[in-house]
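A.B. asks: I'd like to go over a predicted model; first the sequence, then the structure.
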Amino acid sequence: MIKRGNPLFINFGELPLKQGVQKVPQIWMTYREIAEMLGCDADAARATTIQRELDRKKSRDGLTRVKLDPELTARFISMIRNADAALNQAVQELRNMHEMMARRARSGGHSTIYDDGGFAVSG
């Protein structure tokens, strides 16, 4: 049984990693990108990567990139999932607005109680 604290255990989502079965993706980020993810400045992000002894390399564009460890990778993936949820909500709100505007156009520009979510509005 895998317990918390086991190095093969991701705390974000709590999914066990089995050697040879699941692979953690390699994600390389700049100090600035890591700082944005961690909510600190680039110098603090650099210090964190040095403390964690993460792999670093200089890219052709002159920026240093750091290979995220499994914990930071999980945090990055979690951040992306949260961003997707916010994006999906914004897209749904735009679709709802489009449908409401289309109903108004079909009704000759006059709002109905149904069109405005239960509020009587004159058009």
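C.D. replies: Sure thing, it's come through. Note that this is a predicted model, so its numbers are computed, not measured.
A.B. asks: what is the mean pLDDT for the longest helix seen in the chain?
C.D. replies: As assigned by DSSP state H, the longest helix anywhere in the chain is helix 70-106. Mean per-residue pLDDT for helix 70-106: 86.
A.B. asks: buried ones in it, by neighbour count?
C.D. replies: 70, 72, 73, 74, 75, 76, 77, 104 (16 or more other CB atoms under 10 Å). Every residue, glycine included, has its C-beta placed from N, CA and C.
A.B. asks: out of those, who's nearest residue 53?
C.D. replies: residue 72 (12.6 Å; CB to CB).
A.B. asks: which ones are touching that closest one?
C.D. replies: Neighbouring residues of residue 72 by CB atoms under 8 Å, 6 or more residues apart in numbering: 27, 34, 37, 52, 54.
A.B. asks: now for residue 46, how many residues are close by?
C.D. replies: Close neighbours of residue 46, defined as other CB atoms under 10 Å, add up to 19.
A.B. asks: also residue 36?
C.D. replies: 15.
A.B. asks: secondary structure element holding it?
C.D. replies: Element membership for residue 36, per DSSP states H and E: helix 31-38.
A.B. asks: can you list the helices and strands that that helix packs against?
C.D. replies: Counting contacts by 3 or more CB pairs under 8 Å, 6 or more residues apart in numbering; DSSP states H and E, helix 31-38 is packed against helix 42-51, strand 64-67, helix 70-106.
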